[in-house]
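Engineer: kindly generate the corresponding structure for this input.
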Amino acid sequence: MTMKNSTLESLLEKHHKDAFLWALQCCEYRRDDANDVLQMTYLKIVEGKAKFKEQSLFKTWLFSVIRFTAIDFMKTNRSYRTLDDVEIAEEPAMNSEETNYKALLLQLPERQREVLLLAFYHQMTLAVIAETTGLHIGTVRTHYERGKSALRKLIQTVEI
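Structural biologist: A predicted model of the protein is given here:
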């Protein structure tokens, strides 16, 4: 069963804000990369390369497509610089809550960061996160618990 274009368009519009936030988080908060990833995701969907088979919620499926598109994008667009080009600077001062949470989350391993972002910022259950990421529910629970523990330790070191 294929979804009508009007239905697909309305679902994409409904979830656009959350989809962009997820793309931004998947791209380590690089806005231009997130825009590119989201555009590629929408193209995959419109061209029929990614098909919603109604086996999950639309948002779960959409986030999964965004995640895998971002992974591919980050692999192919990773830029490397020589050590001569890298400037060593002091750590930036964290002056806002947004900067604090982003900086702390970026210190976590990728899987833990993904699970926590999906749970706390996108209000997904662990079961839905497992479906979105393609991981086993037990693995998601482990990343969730380890991520919370690591984040707690990072927050405590910042507050001291």
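Engineer: from here on, contacts and neighbour counts on C-alpha atoms
Structural biologist: Fine.
Engineer: got the buried residues for the strand or helix carrying residue 68?
Structural biologist: For residue 68, the element it lies in under DSSP states H and E is helix 58-76. Neighbour counts over helix 58-76 (16 or more other C-alpha atoms under 10 Å) mark 58-70, 73-74 as buried.
Engineer: what's it packed up against?
Structural biologist: Using 3 or more C-alpha pairs under 8 Å, 6 or more residues apart in numbering; DSSP states H and E as the contact test, the elements touching helix 58-76 are helix 5-26, helix 31-46, helix 126-133.
Engineer: please list all residues in contact with residue 140.
Structural biologist: 115, 126, 129, 130 (C-alpha atoms under 8 Å, 6 or more residues apart in numbering).
Engineer: looking at it now. What's its pLDDT?
Structural biologist: pLDDT for residue 140: 96.
Engineer: distance from the chain centre to the helix or strand encompassing it, please.
Structural biologist: Assessed by DSSP H and E, residue 140 sits inside helix 137-159. In terms of C-alpha atoms, centre = their mean, to the nearest Å, the centre of helix 137-159 is set 17 Å apart from its chain centre.
Engineer: how about that helix as CSV, C-alpha atoms only?
Structural biologist: Taking C-alpha atoms only, helix 137-159 is exported to CSV below (Å, rounded to 0.1, in the frame of the first residue of the first chain):
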residue,chain,number,x,y,z
ILE,A,137,15.8,-3.2,23.3
GLY,A,138,18.4,-4.5,25.8
THR,A,139,21.2,-2.6,24.1
VAL,A,140,19.1,0.6,24.2
ARG,A,141,18.5,0.1,27.9
THR,A,142,22.2,-0.3,28.5
HIS,A,143,23.1,2.8,26.5
TYR,A,144,20.3,4.7,28.3
GLU,A,145,21.5,3.8,31.8
ARG,A,146,25.2,4.3,31.0
GLY,A,147,24.5,7.6,29.2
LYS,A,148,22.5,8.9,32.2
SER,A,149,25.2,7.8,34.6
ALA,A,150,28.0,9.4,32.4
LEU,A,151,26.0,12.6,32.0
ARG,A,152,25.3,12.8,35.8
LYS,A,153,29.1,12.5,36.4
LEU,A,154,29.8,15.2,33.8
ILE,A,155,27.2,17.6,35.3
GLN,A,156,28.7,17.0,38.8
THR,A,157,32.2,17.9,37.6
VAL,A,158,31.0,21.1,36.0
GLU,A,159,29.1,22.1,39.1
